[in-house]
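Trainee: coordinates only, sequence not included:
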């Protein structure tokens, strides 16, 4: 009998996997020291980014999807 893999809750809180299998995450460097950063940079940091390659597959494995 195969044992179910548990999801890593730390990864589940930080990443999101879409229906097509893309791994989404929020940007870093937006929490504090915002006055030193420009408005354009802060606006681009608000967008949700996608992970690709090896790291995306590792995150999917942590989520129990692969």
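Mentor: Cool, got the structure. Note that the coordinates shown come from a computational prediction; the quantities given were computed from them, not determined experimentally.
Trainee: list the contacts for the residue nearest the centre of the chain?
Mentor: With distances taken as C-alpha atoms, centre = their mean, residue 25 lies nearest the centre of the chain, 2.8 Å away. Residue 25 makes contact with 14, 15, 16, 48, 49, 50, 51, according to C-beta atoms under 8 Å, 6 or more residues apart in numbering. Every residue, glycine included, has its C-beta placed from N, CA and C.
Trainee: buried subset of these?
Mentor: The neighbour-count criterion (16 or more other C-beta atoms under 10 Å) marks 15, 51 among those as buried.
Trainee: Report the beta-bridge partner residues of the residue nearest to residue 51 when sequence neighbours are not counted.
Mentor: Counting by C-beta to C-beta, 6 or more residues apart in numbering, residue 51 lies nearest to residue 23, which is 4.2 Å off, once chain neighbours are set aside. On the basis of DSSP bridges, residue 23 is bridged to residue 17, residue 51.
Trainee: shaky segments in the chain?
Mentor: Applying pLDDT under 70 to the chain flags no residue at all.
Trainee: which stretches of it form strands?
Mentor: Using DSSP state E, the strands of the chain run over 15-17, 23-25, 49-51.
Trainee: Good, wrapping up.
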